[in-house]
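# here is the input, now give the coordinates:
(2 chains)
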Protein chains: 2
Amino acid sequence: MKNKQNERKVRLAGMGKALAGRQVCFDDQIRYRLAPGETLLDLAQRAAEEALEHADMKISDMDCIVCAMATPLQGIPCNAALIHERMAKGLNIPAMDINTTCTSFLSALDTMSYLLAAGRYERVLILSGDTASAALNPGQKESYELFSDAAAAAVLTCSQADEPSAILYGCQRTWSEGAHDTEIRGGAGLLPALALTEDNREDYYFDMKGIKILRLCARILPDFVEECLKEADVRREDIRLTIPHQASKALGVIMSRLDFEKGTYIDRVQQYGNMVSASIPYALCEAIEEGRIHRDDLVLLMGTAAGLTVNFLLLRY
Amino acid sequence: MKNKQNERKVRLAGMGKALAGRQVCFDDQIRYRLAPGETLLDLAQRAAEEALEHADMKISDMDCIVCAMATPLQGIPCNAALIHERMAKGLNIPAMDINTTCTSFLSALDTMSYLLAAGRYERVLILSGDTASAALNPGQKESYELFSDAAAAAVLTCSQADEPSAILYGCQRTWSEGAHDTEIRGGAGLLPALALTEDNREDYYFDMKGIKILRLCARILPDFVEECLKEADVRREDIRLTIPHQASKALGVIMSRLDFEKGTYIDRVQQYGNMVSASIPYALCEAIEEGRIHRDDLVLLMGTAAGLTVNFLLLRY
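Okay, here's the model as predicted:
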């Protein structure tokens, strides 16, 4: 399979994030869920406005709006059109969704970097975020207590000649042996919302087979990560900070298995849980705000997603 | 807004299509709906296998699988992961969704052409198709009698030095004034499937405000198309065939308003209706099979999509 690439001279010019307004706790684990009247559109808009402010730009400066979310907001139209309505009504900026579930932000960054590098666009707004709480099953304790509702956004621009920022390497793989290990079977084409009955209600809840996913990850991730590091020609010790998807409380175990030492990567599962597509950009935004990443630093974003998809993206911030 | 571009040397190496198995008629209008036991995955797989066969390739030759569909198959994971499970289980080809509703195929072609041109991938399988029948409202005659279930697929490759094939120009715009003119409000994050009641059932059906859409299109399309033709530096008479999205029976009126003469574009609304994201690639595949398009011909794909998104893609086949 071909995966040859040159670096793309792009730059995260600004980022923003937003947490849902209602805090809930499960033992020592803190989670956030939408408050009454609040929607993901509110969170996404707040995150995007913060990203634009940090980039010192306006929405009218954007050449494209990309929603990199795991779940739809409506059956139709795409999420980006609904965000567009909130933030860009009256402007005719193109709006598009890119979806690889939990790693959608990485796929969108990686994909759009080619359009920026080729000069098609100069500034792209990428938004991630999901309403996990819309489909959590109170009967499935592991997933019910894992997720938070949140959003994060980034303004991606072309980097100038004197700026070091670039995407150096991206790689995605999908192992569909895991297609049904993380799923919401109902609500869409295969099992429409209108087919909901008292008997099939379970099919409309989020369903996660934690042990199966862990086993599949343990089998494929070590080789995948080694191969990526080699292809990207980077050593773990050269990376300033690794931001993995905050998949579950098993994050530490997985990262140790992948030979990433504690302290070299972000683990905020206790503080936020799994924020679905917002997990990685939220943690990235926070790390930038806290001064853990500076321009010219190598940053590794990586994660697993329903599919099972794995994503690896190395960038010079 | 920036939209500068050079041609991308890519080639539609093979295409395929599939119609749902149950034919229904409304007066002289023929429509296709899924037969009992049939799913969109069946249609998408048939279309993709045909595309691969025409390209003389196997699924294992693909570097990426992209679903360019308007509607999800499940709440999670993304459609491409489910197609991957059908066709590529055991291979670890990346799988991703790109969605701009009805013009998703154009957005995917346009977007992925940059990854091919940059050498990231050499061969990409793009699949479109939707189960319109999953959410049609028997109480809304206009839309109930308009849609068909279908799928279409394309193998996109890099073109060789001696091949004329290329994407010459692409442009997308979104006017979110029309975000709620074509929608399925329910089944996803903003109004979850689990919130379905007898009272809000209407919100889970496809809802189309035909007259409002036509008015918005009449206002924006003429300038949009003129601007694109000018930017693409092409005259209508140089285009061998135009394939518009088969949005509705008003297609002829719209095309006439855009100064496209009858016979220069495909109108199969009577034969198939609106096949959502499959409309354009299905008609393109059929035109190729019927010998209406040959290598080196200029072909214009264009259309409107829920959002309201408009898309224009000029290619040398």
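
# mind listing the helices for the stretch 51-200 of chain A?
Applying DSSP state H, counting those that start in this stretch to the stretch 51-200 of chain A gives helices spanning A:79-87, A:104-117, A:141-144.

# turn those into a markdown table, columns for mean neighbour count and distance to chain B.
C-beta coordinates here come from the backbone N, C-alpha and C atoms, glycine included. Conversion of the helices of the stretch 51-200 of chain A to a markdown table gives the following (neighbours: other CB atoms under 10 Å in any protein chain shown; distance: least, CB to the nearest CB, whole Å):
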| stretch | mean neighbour count | distance to chain B |
| --- | --- | --- |
| helix A:79-87 | 27 | 4 |
| helix A:104-117 | 27 | 4 |
| helix A:141-144 | 16 | 11 |
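
# the ones you listed: lowest mean pLDDT?
Across the helices of the stretch 51-200 of chain A, helix A:141-144 has the smallest mean pLDDT, namely a mean of 94.

# can you list the neighbours in contact with that one?
A:136-138, A:206-208, A:210 (CB atoms under 8 Å, 6 or more residues apart in numbering or on different chains).

# buried ones only from those residues, please, as a PyMOL command.
Here is the PyMOL command that selects the buried residues among the contacts of helix A:141-144 (16 or more other CB atoms under 10 Å in any protein chain shown):
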select buried, chain A and resi 136+137+206+207+208+210
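
# closest to chain B among the contacts of helix A:141-144?
Closest to chain B out of the contacts of helix A:141-144 is A:Phe206 (7.1 Å), distances taken as CB to the nearest CB.

# that closest one and A:Ser133 touch, don't they?
No. Judged on CB atoms under 8 Å, A:Phe206 makes no contact with A:Ser133 at a distance of 9.6 Å.

# anything in contact with each of the two?
By CB under 8 Å, 6+ apart, the residues touching both A:Phe206 and A:Ser133 are A:Phe147.

# which of the three states applies to the residue most central in space within chain A?
Centroid-nearest residue in chain A, with CA atoms, centre = their mean: A:Ser277, separated by 3.3 Å. Assigned with DSSP: H, G, I helix; E, B strand; the rest coil, A:Ser277 falls in the helix class.

# got a pLDDT number for the one residue in the stretch 1-150 of chain A that gets nearest to chain B?
Closest approach between the stretch 1-150 of chain A and chain B, counting by CB to the nearest CB: A:Gly75, at 2.8 Å. On the pLDDT scale, A:Gly75 is placed at 94.

# give me the neighbour count for A:Asp56.
Using other CB atoms under 10 Å in any protein chain shown, A:Asp56 has 10 other residues around it.

# typo on my end, A:Asp223
9.

# and A:Arg295, by the same measure?
If you count neighbours by other CB under 10 Å, A:Arg295 ends up with 13.

# so it versus B:Lys249, what's the distance?
A:Arg295 sits 56 Å away from B:Lys249, taking CB to CB, to the nearest Å as the criterion.

# tell me which residues form a beta bridge with the residue in the stretch 151-300 of chain A that chain B sits nearest to?
In the stretch 151-300 of chain A, the residue that lies nearest chain B is A:Ile184 (2.9 Å; CB to the nearest CB). For A:Ile184, the beta-bridge partners under DSSP bridges are B:Ile76.

# try A:Leu127
Bridge pairing for A:Leu127 (DSSP bridges) gives the partners A:Cys67, A:Ala153.

# just checking, A:Ala47 is part of a helix?
Yes. Residue state for A:Ala47 (three-state DSSP) corresponds to a helix.

# OK, contacts around it?
A:16-18, A:127, A:129, A:151-153, A:278.

# next one, pLDDT for it please.
With respect to pLDDT, A:Ala47 scores 98.

# repeat that for A:Lys4.
67.

# where does the lengthiest helix in chain A sit relative to the chain's centre, distance-wise?
The longest helix of chain A (DSSP state H) is helix A:210-232. Chain-centre distance of helix A:210-232: 18 Å, with CA atoms, centre = their mean, to the nearest Å.

# for the helices of the stretch 51-200 of chain A, which one sits closest to A:Ala287?
Minimum separation from A:Ala287 across the helices of the stretch 51-200 of chain A (CB to CB) falls at helix A:104-117, 14.1 Å.

# wait, what's in contact with the residue of the stretch 1-150 of chain A closest to chain B?
A:Gly75 neighbours (CB under 8 Å, 6+ apart): A:188, A:193, B:71-72, B:135, B:183-188, B:204, B:206.

# hmm, 6 Å instead?
B:184, B:187-188 (CB atoms under 6 Å, 6 or more residues apart in numbering or on different chains).

# where does the prediction get shaky in chain A?
A:1-4 (pLDDT under 70).

# span of stretch A:48-67 from start to end?
11 Å (CA to CA, to the nearest Å).

# domain-wise, how is chain A divided?
Taking automatic domain parsing as the domain assignment, the ranges for chain A are A:10-163, A:167-316.

# deepest-packed of those domains, please.
domain A:10-163 (a mean of 23; mean count of other CB atoms under 10 Å in any protein chain shown).

# quick one: distance of that domain to the chain centre.
So, by CA atoms, centre = their mean, the centroid of domain A:10-163 is 8 Å from its chain's centroid.

# and that domain, end to end?
Counting by CA to CA, you get 9 Å between the two ends of domain A:10-163.

# ok, stretch A:68-76 next?
By CA to CA, the extent of stretch A:68-76 from end to end equals 16 Å.

# ok, stretch A:180-187 next?
15 Å.

# repeat for stretch A:58-70
End to end - CA to CA - stretch A:58-70 spans 26 Å.

# likewise stretch A:163-177?
42 Å.

# any chance you could list what contacts it?
Against stretch A:163-177 from outside (CB under 6 Å, 6+ apart): A:3, A:7-11, A:110, A:113, A:159, A:220, A:228, A:232, A:296, A:307-316, B:81, B:84-85, B:89, B:92, B:94-95.

# which residue packs closest to A:His54, ignoring adjacent ones?
Nearest residue to A:His54, sequence neighbours excluded (CB to CB, 6 or more residues apart in numbering or on different chains): A:Gly14, at 3.3 Å.

# returning to what we had before: any chance of a markdown table for the contacts of A:Gly75, columns distance to B:Thr197?
Converted to a markdown table, the contacts of A:Gly75 look like this (distance: CB to CB, whole Å):
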| residue | distance to B:Thr197 |
| --- | --- |
| B:Ile184 | 16 |
| B:Gly187 | 13 |
| B:Ala188 | 16 |
